[in-house]
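>>> need a structure here:
(chains A and B)
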Amino acid sequence: MTDDPLAPVAPPVQLPPRLQGVEAVQSVRTPFRLEYHASSGQHMAAFLRAMKQKQILGERCPTTGQVFVPPRGVTPTSGLETTELVELPDTGYVESFCITRVPIPGRDDLELPYVSAWVVLDGASVGFIGLVAGIPADEVRLGLRVKAVWRPDEELRETADNIHHWAPTGEADVRIASYELIGAPGRPPAERQVRA
Amino acid sequence: MIDVAVVAYAARQQPVFDENEIEMMAPVIEDVRVATGLGPDDLDFTCSGSSDFLAGAAFSFVMTVDATRPVPPIVESHVEMDGAWALYEAWVKLQLGEAKTALIYGYGKSSPGSLRDVLATQLDPYAAGPLKADAFGIAGLQARYMLDAGDVTEARMAEIAARSMASAESNPLSIRKGTRRVEELLAEPYLHDPLRAHDVPARADGGAAVILATREVAERVCERPAWVRGIDHRMDIHHLGARDPRRAPSAAIAAQALAVTADKIDVAELDAPFTHQEALLATELGLDSEATTINPSGGSLCGHVMMGAGLTRIGEAAARIHRGEADRAVAHATSGPWLQQNLVAVMEG
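Predicted coordinates for the structure are as follows:
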C-alpha cells in the first residue's frame, strides 16, 4: 500500500520475452471509411430538382407568411408543415459575410481571399449561404446588392452548387437598420429590405 | 424529490424512411403535443438524442431542431446518446426546479450507411478500433463467451427470439414479428456464429418522443401518469479487453441504486438488441421472469432504432402504465458494445 494517490492501482505490466526490448509504439492510426447514401427528404428534393432548372424554391409559413429557403418541411416559427412552395428571384443582399484566406478543397477556381456570405434573397425571410465574388474582398459590405452567377447550363445538376457565386449588381446598398429576430411580431419579410 | 411523470409517448419506425430527419420526426413530436395539449410555448425544455455518425453529416441534429418550432428561441439541449439519456438530462432539469415540462426525442436514420460498420467507430482507437470489428461480430463474441460458460444456450436465445416476435405481433411499430417455433429457429443457419438472424436486432429508421411533466401539469394532461420513481445510469470501462463480456456491472449497480427488486415488477422493457443480452440483463437487473413480463412490445430485437431504442423502451413501459396494464414498470436503455452503458428507470402508476 502506498500513500501516493497517483500511484498505479494495477501491478506493472510484465511483457513477454519476445516483446521485451522492442521499439515502443508511439502512435496508432485508425483510418475509417464509411459510405452513405443519403436521401435529402421530400422538400429538399424539390429544391434540388428546381436548382437544376436555375430556380430557387423556398416555402411559405402558413401562419406568418414568412418565406424560408431552402425548404425543410416545417417552419421554425410555427412548427407547422409547410405546403406552399415559392419561387424566389436570384437576387438579394448581403446580410453577413466572412473573409477566408485558406482554400476550399475542390474549388481551385477561387482566388484567395474569398468571401462567404449570408445572402437574403428578395422575398425571403432568412439568409442563404453562398460565395461573393467579382468584387475585392475588402469592398464586400453589409447591404451589398448581389445576383447569382450560375454555372454553365451543361454543368447544372441537382445541387445548390449550381450557383457558382454571387456578384454585385451595382445597385444602391440596402440599409440594414437593425438586427431583429426572425419571428418578431409585425415584421413581414419585405420590411427588412429598406433601400438607402 | 420532485414528482415527475412520463405523460405522453409516440414513436415511428420502419425499415427505411425516404424523408429526412425533420420530416421523419415532426409527426412524432406533434403526436405527443396533441396527446397532452401542450404546445411549443407550454414546453419549458427540449432535449434530444441522436448521432451524426448515422446521418454522416456534422451537426445534423441542429437541422432536426426545426421540427420542434425553435423560434422564438426555446431552451434546448442535445446528447450524442440514445434519447433515454436526453430524458435523464430533462429529468434532472425538472428535479432542479428549472422546468415543469420537457419534450424529449431520440431518433436515428441509419439506413444511409452500414450501421454495423458505423458502430465500429465507437471502439477504442488503439486496440479494438484497428480491427474494424463490426457490431454483429462483437456481439457474437459476447454470445460465445456466455454460451461457453453456460450462461445461455442457443435454445434459450431462440426462446427469447420466439417470445419477442410473438409479443411484437401486437405492436404496430415492430419490424420483425410472427409465430416461430424454437426448433424452427434453431434450424436456421448462422449469420455470425453463434448468432442466427433471429438473434440480431431488426434495424429500423425512426424515433420516439416523450413528454415529462411535474405533478401539477402531469395530473392535468394525463389520466394515469407514469411517475418516474428513480432513474440511474452507469457505464463500464470502454476497453473490451478490460471487461468481462458475461457481465454488465453498470446495469446491476443502476438497478441496485433504484431498488428495482424491492417490489413486484409487472413489466420490464429491456434495450437488448441481441437475444443473449436480454438474458444477461435480466440477471443483472435481478428480474423474476415468472412475475415480470419482459419486452411485451417485442423489444429492441424486433425493431431497433439506433439512438431511439432506449427512449422507446421508456415510452413503451410508460404506455403500459398509462393504459392501466401495469402498476410498476422498469425500463432500460443501453449504448456501446457489450452493453457498455446502461440506464435504468422505475416507473409507477
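>>> tell me the contacts of the residue nearest to the spatial centre of chain A?
Note on chain A: the residue nearest the mean C-alpha position is A:Ile129, at 4.9 Å, using Cα atoms, centre = their mean. Listed by Cβ atoms under 8 Å, 6 or more residues apart in numbering or on different chains, the contact partners of A:Ile129 are A:Ser116, A:Ala117, A:Trp118, A:Val119. In this view, the C-beta of every residue, glycine as well, is placed from N, C-alpha and C.
>>> one more time with 10 Å
The neighbourhood of A:Ile129, defined by Cβ atoms under 10 Å, 6 or more residues apart in numbering or on different chains, consists of A:Pro70, A:Ser96, A:Ser116, A:Ala117, A:Trp118, A:Val119, A:Ala160, A:Ile163.
>>> For chain B, see how far away it is.
As for A:Ile129, its distance to chain B is 14 Å (criterion: Cβ to the nearest Cβ, to the nearest Å).
>>> tell me which residues in the helix or strand bottoming out on mean pLDDT in chain B are buried?
Ranked by mean pLDDT, DSSP states H and E, the weakest helix or strand in chain B is helix B:60-64, scoring a mean of 89. Neighbour counts over helix B:60-64 (16 or more other Cβ atoms under 10 Å in any protein chain shown) mark B:Ser60, B:Phe61, B:Met63, B:Thr64 as buried.
>>> Name the residues that touch the following helix or strand past it?
The element immediately downstream of helix B:60-64 (helix or strand, assigned by DSSP states H and E) is strand B:76-79. Contacts of strand B:76-79 with the rest of the structure, by Cβ under 10 Å, 6+ apart, involve B:45-51, B:59, B:61-62, B:64-65, B:68, B:70, B:85-90, B:93, B:102-104, B:106, B:307.
>>> Tell me how far strand B:76-79 lies from the chain's centre.
Here the centre of strand B:76-79 is set off from its chain's centre by 18 Å, with Cα atoms, centre = their mean, to the nearest Å.
>>> got it, and stretch B:129-142?
Centre-to-centre, stretch B:129-142 and its host chain are 21 Å apart (Cα atoms, centre = their mean).
>>> quick one: the strands in the chain?
Picking chain A for this. Per DSSP state E, chain A carries strands over the ranges A:56-60, A:67-68, A:84-88, A:91-100, A:114-121, A:127-132, A:145-150, A:163-168, A:174-175, A:194-195.
>>> Not quite, go with chain B.
Counting by DSSP E, chain B has strands at residues B:4-14, B:45-49, B:76-79, B:101-108, B:190-192, B:195-196, B:203-214, B:226-235, B:267-269, B:293-294, B:304-305, B:328-335, B:341-348.
>>> Pull out the buried positions in the third one.
Going by neighbour count (16+ other Cβ under 10 Å), the buried part of strand B:76-79 is B:His78, B:Val79.
>>> In CSV, could you pull the C-alpha coordinates for it?
Presented in CSV, the C-alpha positions along strand B:76-79 are these (Å, rounded to 0.1, in the frame of the first residue of the first chain):
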residue,chain,number,x,y,z
GLU,B,76,-32.8,23.2,-25.9
SER,B,77,-30.1,20.7,-25.5
HIS,B,78,-28.8,17.6,-27.2
VAL,B,79,-26.9,14.5,-26.2
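>>> The strands of chain B into a markdown table, with extra columns for mean pLDDT?
Converted to a markdown table, the strands of chain B look like this (pLDDT from 0 to 100):
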| stretch | mean pLDDT |
| --- | --- |
| strand B:4-14 | 98 |
| strand B:45-49 | 98 |
| strand B:76-79 | 97 |
| strand B:101-108 | 98 |
| strand B:190-192 | 96 |
| strand B:195-196 | 98 |
| strand B:203-214 | 98 |
| strand B:226-235 | 97 |
| strand B:267-269 | 98 |
| strand B:293-294 | 98 |
| strand B:304-305 | 98 |
| strand B:328-335 | 98 |
| strand B:341-348 | 98 |
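>>> Need the residue closest to the centroid of chain B.
B:Gly310 (1.3 Å).
>>> ok, now how distant is that one from chain A?
Distance from B:Gly310 to chain A, counting by Cβ to the nearest Cβ: 23 Å.
>>> you'd agree that residue is up against B:Leu339?
No. Shown here, B:Gly310 and B:Leu339 do not form a contact pair, counting by Cβ atoms under 10 Å, at 11.5 Å.
>>> Spit out the residues that contact the two alike.
By the contact definition Cβ under 10 Å, 6+ apart, B:Gly310 and B:Leu339 are jointly contacted by B:Asp271, B:His332.
>>> chain center to stretch B:60-67: distance?
Its chain's C-alpha centre and that of stretch B:60-67 lie 21 Å apart, by Cα atoms, centre = their mean.
>>> Just the C-alpha atoms of that stretch, please, in CSV.
The C-alpha coordinates for stretch B:60-67 follow below in CSV (Å, rounded to 0.1, in the frame of the first residue of the first chain):
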residue,chain,number,x,y,z
SER,B,60,-27.1,17.1,-38.4
PHE,B,61,-29.1,17.2,-35.2
VAL,B,62,-29.2,21.0,-35.4
MET,B,63,-31.4,20.8,-38.5
THR,B,64,-33.8,18.4,-36.8
VAL,B,65,-34.5,21.1,-34.1
ASP,B,66,-36.6,22.8,-36.8
ALA,B,67,-39.2,20.1,-36.1
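>>> Chain A next: which of the buried residues of helix B:60-64 are close?
B:Ser60, B:Met63, B:Thr64 (Cβ under 10 Å from any Cβ of the partner chain).
>>> how far away is B:Asp117 from chain A?
For B:Asp117 relative to chain A (Cβ to the nearest Cβ), the value is 6 Å.
>>> actually B:Gly137, sorry about that
For B:Gly137, the distance to chain A equals 16 Å [Cβ to the nearest Cβ].
>>> What is the burial count for the nearest residue to that residue once chain neighbours are set aside?
Nearest non-adjacent residue to B:Gly137, counting by Cβ to Cβ, 6 or more residues apart in numbering or on different chains: B:His192, 5.9 Å away. Residue neighbour count, defined by other Cβ atoms under 10 Å in any protein chain shown, stands at 20 for B:His192.
>>> Ramachandran angles for the residue of chain B positioned farthest from its centre?
Residue farthest from the centre of chain B, counting by Cα atoms, centre = their mean, is B:Pro72 at 31.1 Å. With angles defined as degrees, to the nearest 10, B:Pro72 sits at phi -60, psi 160.
>>> my read: it touches B:Pro40, true?
Yes. Between B:Pro72 and B:Pro40 there is a contact at 9.3 Å, judged by Cβ under 10 Å.
>>> any common contacting residues for those two?
A:Thr77.
>>> where does chain A have low pLDDT?
Scanning chain A with the threshold set as pLDDT under 70 gives A:1-3, A:5-6, A:8-9, A:177-196.
>>> Name the residues of the stretch 201-349 of chain B found near chain A, please.
Contact residues (Cβ under 10 Å from any Cβ) of the stretch 201-349 of chain B with chain A: B:Ala242.
>>> Show me chain B divided up by domain.
Annotated domains of chain B cover B:4-109+B:203-226, B:115-202+B:227-348 [automatic domain parsing].
>>> so how far does the first one reach from one end to the other?
Which is domain B:4-109+B:203-226. End-to-end distance of domain B:4-109+B:203-226: 8 Å, with Cα to Cα, to the nearest Å as the criterion.
>>> ok so, going back, CSV please, covering the strands of chain A and showing distance to B:Ile237.
Shown next, in CSV, are these (distance: least, Cβ to Cβ, whole Å):
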stretch, distance to B:Ile237
strand A:56-60, 49
strand A:67-68, 46
strand A:84-88, 52
strand A:91-100, 42
strand A:114-121, 44
strand A:127-132, 43
strand A:145-150, 54
strand A:163-168, 50
strand A:174-175, 58
strand A:194-195, 61
